[in-house]
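K.L.:
fold the following.
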Amino acid sequence: MKLRIGFACVLTALLAVPAGAVAQDRRDVKVADEIGRVLQSYSRLTIFDDISAMVENGEVAIAGKVTMPYKKNDLAKRIAAIDGVRAVRNDIDVLPVSQYDDELRYRVARAIYGNSSFWNYAAMANPPIHVIVERGRVTLAGVVNSNVERMLARSLATGQGEMSVTNSLRTDAEMEAQTE
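P.N.:
This next block holds a predicted model:
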């Protein structure tokens with residue numbers, strides 16, 4: 001009996017969603033996948049940049065931080081050229097130019113990727129841990145395998161001359177839970 005009630009509720013819920021909404025959702029997923037490919041293939045993005053994108057009804061909002069102004073405009077143009085994108089809202093911030101921040105970026109990146117626990121990530125074409133430095137404040141962004149790796153990365157980033165460290169790393173499990 002419970003199975004029938006559950007099936008009836010699901011069927012009712014599916015009938016309540018307009019067919020156009022389901023088709024639009026599929027197009028948004030396709031656009032999001034293509035945005036992911038564009039970001040992965042953009043060779044000028046480094047571990048010192050962090051970009052995210054949201055798609056809703058063909059409208060894309062991109063956000064994050066980049067080290068150079070041309071990256072902001074270039075990414076917006078590339079995403080706008082994707083089939084199915086109706087509009088792009090570019091909320092990418094350009095990090096301020098600072099020799100101190102540049103040196104801090106390299107110190108933190110060497111501390112993390114130089115640790116044997118992260119050598120497998122360092123060998124990747126697009127390493128998953130991003131080191132964002134703005135006015136001496138470090139933010140770690142990206143995805144790691146476990147909570148232990150997340151805590152280790154934060155520990156390695158600390159004591160490099162930074163004013164603060166914000167750990168925005170997420171685990172694979174958290175990412176999977178978010179997509180469900």
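K.L.:
pLDDT weak spots in the protein?
P.N.:
Along the chain, the model assigns pLDDT under 70 to residues 1-24, 180.
K.L.:
quick one, helices of it?
P.N.:
Using DSSP state H, the helices of the chain run over 2-16, 19-41, 69-80, 99-113, 119-122, 147-157, 172-179.
K.L.:
flag every buried residue along the third one.
P.N.:
Going back to what we said before, that points to helix 69-80. For helix 69-80, the neighbour count (16 or more other CB atoms under 10 Å) marks 71, 72, 75, 76, 79 as buried. Any C-beta I mention is one placed from the backbone N, CA and C, and that applies to glycine too.
K.L.:
and for the fourth one?
P.N.:
Neighbour counts using 16+ other CB under 10 Å place 101, 104, 105, 107, 108, 109, 111, 112, 113 of helix 99-113 among the buried residues.
K.L.:
mind checking the helices of the chain for the one nearest to residue 48?
P.N.:
Residue 48 lies closest, by CB to CB, to one member of the helices of the chain: helix 99-113, at 5.2 Å.
K.L.:
so what secondary structure elements neighbour that closest one?
P.N.:
For helix 99-113, the elements it packs on are helix 119-122, strand 129-134, strand 137-144, helix 147-157, judged by 3 or more CB pairs under 8 Å, 6 or more residues apart in numbering; DSSP states H and E.
K.L.:
let me know which of these is tucked in deepest.
P.N.:
Of the helices and strands packed on helix 99-113, the one with the most neighbours on average (mean count of other CB atoms under 10 Å) is strand 129-134, at a mean of 24.
K.L.:
what's the angle from that one to helix 147-157?
P.N.:
Interaxial angle, strand 129-134 versus helix 147-157 (axes from the mean of the first three to the mean of the last three CA atoms, to 10 degrees): 40 degrees.
K.L.:
other SSEs contacting strand 129-134?
P.N.:
In this structure, strand 129-134 packs against helix 99-113, strand 137-144, with contacts taken as 3+ CB pairs under 8 Å, 6+ apart.
K.L.:
export these to TSV and append columns for distance to residue 89.
P.N.:
Compiled in TSV, the helices and strands packed on strand 129-134 are given as follows (distance: least, CB to CB, whole Å):
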stretch	distance to residue 89
helix 99-113	27
strand 137-144	20
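K.L.:
which one of the ones you listed lies nearest to residue 165?
P.N.:
strand 137-144 (4.7 Å).
K.L.:
for the helices and strands packed on strand 129-134, which one sits closest to residue 161?
P.N.:
Nearest to residue 161 among these is helix 99-113; the distance by CB to CB comes to 5.8 Å.
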